[in-house]
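>>> need a 3D model of the following:
(chains A and B)
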Amino acid sequence: GENVEQHPSTLSVQEGDSAVIKCTYSDSASNYFPWYKQELGKRPQLIIDIRSNVGEKKDQRIAVTLNKTAKHFSLHITETQPEDSAVYFCAASTGGFKTIFGAGTRLFVKA
Amino acid sequence: NAGVTQTPKFQVLKTGQSMTLQCAQDMNHNSMYWYRQDPGMGLRLIYYSASEGTTDKGEVPNGYNVSRLNKREFSLRLESAAPSQTSVYFCGSERESGELFFGEGSRLTVL
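Just a heads-up that it's a prediction; the model follows:
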């Protein structure tokens, strides 16, 4: 079955710097790659996603890239702000169900 | 607009006791999920239901049973709770796009 690995587990950046989180997946049939943000004590919520027919997608300060050949995808956050501090999860799924998550990255943005 | 509602929010059980976590969604989604979240391990899929009347095992199904009662409701049952089942449980439902909507979570402690 699908396996998703996520790095790093913890990331600390200075406000205004960029943050990059990387994930790899194992199932070449996976075609949907969402990213979720979970604030402390809250539920995970989708922040951006990408499909296998797209190499890059951007939404304001966040962007996601996908390399299907290498089975890598990454989340990039630019101009980080304290409110970006949270746990971020990558995930992979085939056809939209049985979504498998990475272990999460705890991002700290220092003011 | 309730989205995904799960109950209870908190529960303390003794080893060997049974309980059912209830989940309901009002978004007319076909697919529903149960995940558990443990520190450093992300969200692990317990069971999912791609449509009313079907259920399938996820990554960590042992010790759990599920029922897809109708399109709206998907319950998770622990027949004989064990300390290893202490966790935060999230129910989710899925849009056609693949985006998951989660409930607020149920924090379960097994003594």
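>>> can you count the residues close to A:V13?
For A:V13, the neighbour count with other CB atoms under 10 Å in any protein chain shown is 17. From N, CA and C alone the C-beta is placed, and that goes for glycine too.
>>> buried ones in the helix or strand encompassing it?
Using DSSP states H and E, A:V13 sits within strand A:10-14. Neighbour counts using 16 or more other CB atoms under 10 Å in any protein chain shown place A:11, A:13 of strand A:10-14 among the buried residues.
>>> quick one: list the elements packing against it.
The contact analysis (3 or more CB pairs under 8 Å, 6 or more residues apart in numbering or on different chains; DSSP states H and E) places strand A:10-14 against strand A:19-25, strand A:105-110.
>>> nearest to B:K57, of these?
Closest approach to B:K57 among those is made by strand A:19-25 (19.8 Å; CB to CB).
>>> adjacent strands (with direction) for that closest one?
strand A:4-7 (antiparallel), strand A:72-77 (antiparallel) (DSSP bridges).
>>> surely A:C90 touches A:H72?
No: taking CB atoms under 8 Å as the definition, A:C90 is not a contact partner of A:H72, at 10.3 Å.
>>> low-scoring stretches of the chain, by residue?
Using chain A here. Along chain A, the parts satisfying pLDDT under 70 run over A:95-97.
>>> please go with chain B instead
B:1.
>>> tell me which parts of it are close to chain A?
Neighbours of chain A within chain B, by CB under 8 Å from any CB of the partner chain: B:31, B:33, B:35, B:40-45, B:48, B:50, B:56, B:58-59, B:90, B:94, B:96-100, B:102-105.
>>> mind checking which of these land in strands?
Among the residues of chain B next to chain A, the members falling in strands (DSSP state E) are B:31, B:33, B:35, B:43-45, B:48, B:56, B:90, B:94, B:100, B:102.
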